[in-house]
Structures are given as C-alpha cells and as structure tokens.
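> got a structure for you, letters missing:
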C-alpha cells in the first residue's frame, strides 16, 4: 500500500512517465539476464557518481545509503543472489575509479565474544568472494592495474581508513582513499555485536570523504 502511494505521488509530481520500467525487463524471470542486471547497475552507478560529486561540492553530507531492491537483491525473497550484489558493487567501484577516485570496498569482519564470535549469515564469505571476482585488472585487460591501486579492500573500523602517507618499509607514497563502499553493514544479537561503534569510528576517521 505504501509503495502504491509513493508511485501515485511520483505521477502527480513528475508526470505519467515516472515509475515506469523499460520494456522487456521480465523481472519475474529468475535468474535475471545480463540486460536486466546491467540496467539496474547503470542506475546505481549514475546515482552514486552524482551523489559523490554533490558531496564534493558541499551540497550534501558524506554519509550515504544506496538501496536497490529488485528481485535478485531482495534478501526476503528466494530469488536473492549474492553474486548480483557483488557485481553491483564492482560496477560502482569501477565507475568511481574511472573518475580517478580511489575506492575502498569494506565488508565487516567477525563480531562477538568467545564462542559467540561470528559474521552475519548474509555476509559470510562475501569478503573473499568480492576479491576473487574477475575485475579485468590484469595485464592487457580493460581495467589493467586498477585493482590494488584505485580499488582496494578492507573491513569496518577506523584502522581501515587509509590516509596519504609514506610506507616505512618501501619508502613509496601511499595515496589516501577517496570513497568508501561498505557492503550491507548489520548488527547481530549478542554481546558486543553492534556494528554501530566500529562504523561510527570509521565514518569519523573518513572525515568529509564519502562513505556509502
């Protein structure tokens, strides 16, 4: 009912062309074909890039949230696919890196105390999967050299915010992270299993840099 009211409101504000999907998306066909996924990836990438630009211009704050809930990204449906989520994150990171922005993709680590230490079920293995994806970053490939330079990985916490500095071991200049993409941060039930503390510390350490 709420969704219906929002669609009606968009019609009143923006005209009858609002809230219409492109033809031949066939969202009831699961798994979605590449055309359908790419359509939503492009929407997310454009929105992310625009938000980062507006943040740089001081028009909006640096704390952002992107919600995309088509069938393969809706965890309440049996069509949910973690690979689609990671492909979306990869597209966003590459889009930002193409603008000479250094991106750090962050997945929270283990939380809890003692035998109750664990990772939320929805994020189990995600940190490994996102690093093993094909980023086309090898020699001669489309995004050659992007991984490890413009795109890096980390977890949640202030220690994962990299500022510009000189590496003491190699003497090389290390550039700062420009944008942080945090994948689905969430708390768990139990002792010391709230994500809010580490996430708040990370955002504070990032300063005015975008945290998505």
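That came in fine, so what should we check first? What you are looking at is a predicted structure, and each value in this text was computed from that prediction instead of being measured.
> how near is the spatially closest residue to residue 137 that is not a sequence neighbour to residue 105?
With Cβ to Cβ, 6 or more residues apart in numbering as the criterion, residue 137 has its nearest non-adjacent residue at 3.8 Å, and that residue is residue 147. Yep, even glycine has a C-beta here, placed from its N, CA and C like the rest. Per Cβ to Cβ, to the nearest Å, residue 147 is found 10 Å from residue 105.
> Which residue of the two possesses the greater neighbour count?
The neighbour comparison of residue 147 against residue 105 (other Cβ atoms under 10 Å) goes to residue 105, with 22 against 19.
> what does the helix or strand harbouring the more buried one rub up against?
Using DSSP states H and E, residue 105 falls within strand 103-106. Contact partners of strand 103-106, identified using Cβ atoms under 8 Å, 6 or more residues apart in numbering, comprise 89, 93, 96-97, 130, 150-156, 160-162, 177-183, 202.
> same deal with stretch 28-39?
Stretch 28-39 has contacts (Cβ under 8 Å, 6+ apart) with 22, 24-27, 70-72, 79, 81, 84, 87.
> before we move on, what about stretch 83-96?
32, 37, 40-42, 44-45, 48-49, 52, 66, 68, 72-73, 103, 105, 126, 129-130, 133, 135, 143, 146, 151, 178-179, 181, 183-184, 212.
> before we move on, what about stretch 179-186?
52, 85, 89, 92-93, 96, 101-108, 120, 122-123, 126, 130, 156, 161, 195, 199, 202, 206, 209-212.
> And for stretch 152-162?
By Cβ under 8 Å, 6+ apart, stretch 152-162 touches 102-109, 127, 130-131, 174, 176-177, 180, 182, 185, 195, 198-199, 201-202, 204-206.
> how does it look with 7 Å?
With contacts defined as Cβ atoms under 7 Å, 6 or more residues apart in numbering, stretch 152-162 is touched by 104-109, 130-131, 174, 176-177, 182, 185, 195, 198-199, 201-202, 205-206.
> Just the ones of the contacts of strand 103-106 in strands?
Among the contacts of strand 103-106, DSSP state E puts 151-154, 179-182 in strands.
> and the longest helix along the chain, average pLDDT?
Counting residues, the longest helix in the chain under DSSP state H turns out to be helix 34-56. The pLDDT scores in helix 34-56 average 92.
> Return the helix or strand in the protein with minimum mean pLDDT.
helix 2-14 (a mean of 52; mean pLDDT, DSSP states H and E).
> returning to that earlier point: give me the sheet partners of the strand holding residue 105 and which way each runs.
strand 151-154 (parallel), strand 179-182 (parallel) (DSSP bridges).
> Compute the mean per-residue pLDDT across that strand, please.
Across strand 103-106, pLDDT averages out at 96.
> Over to stretch 128-137?
Mean predicted lDDT for stretch 128-137 stands at 93.
> Quick check: buried residues in that stretch?
130, 135, 137 (16 or more other Cβ atoms under 10 Å).
> What is the end-to-end distance of that stretch?
Using Cα to Cα, to the nearest Å, the span of stretch 128-137 from its first residue to its last is 17 Å.
> what does stretch 171-182 give?
29 Å.
> cool, stretch 170-187 as well?
38 Å.
> List the buried residues in that stretch.
By 16+ other Cβ under 10 Å, the buried positions in stretch 170-187 come out as 177-183, 185.
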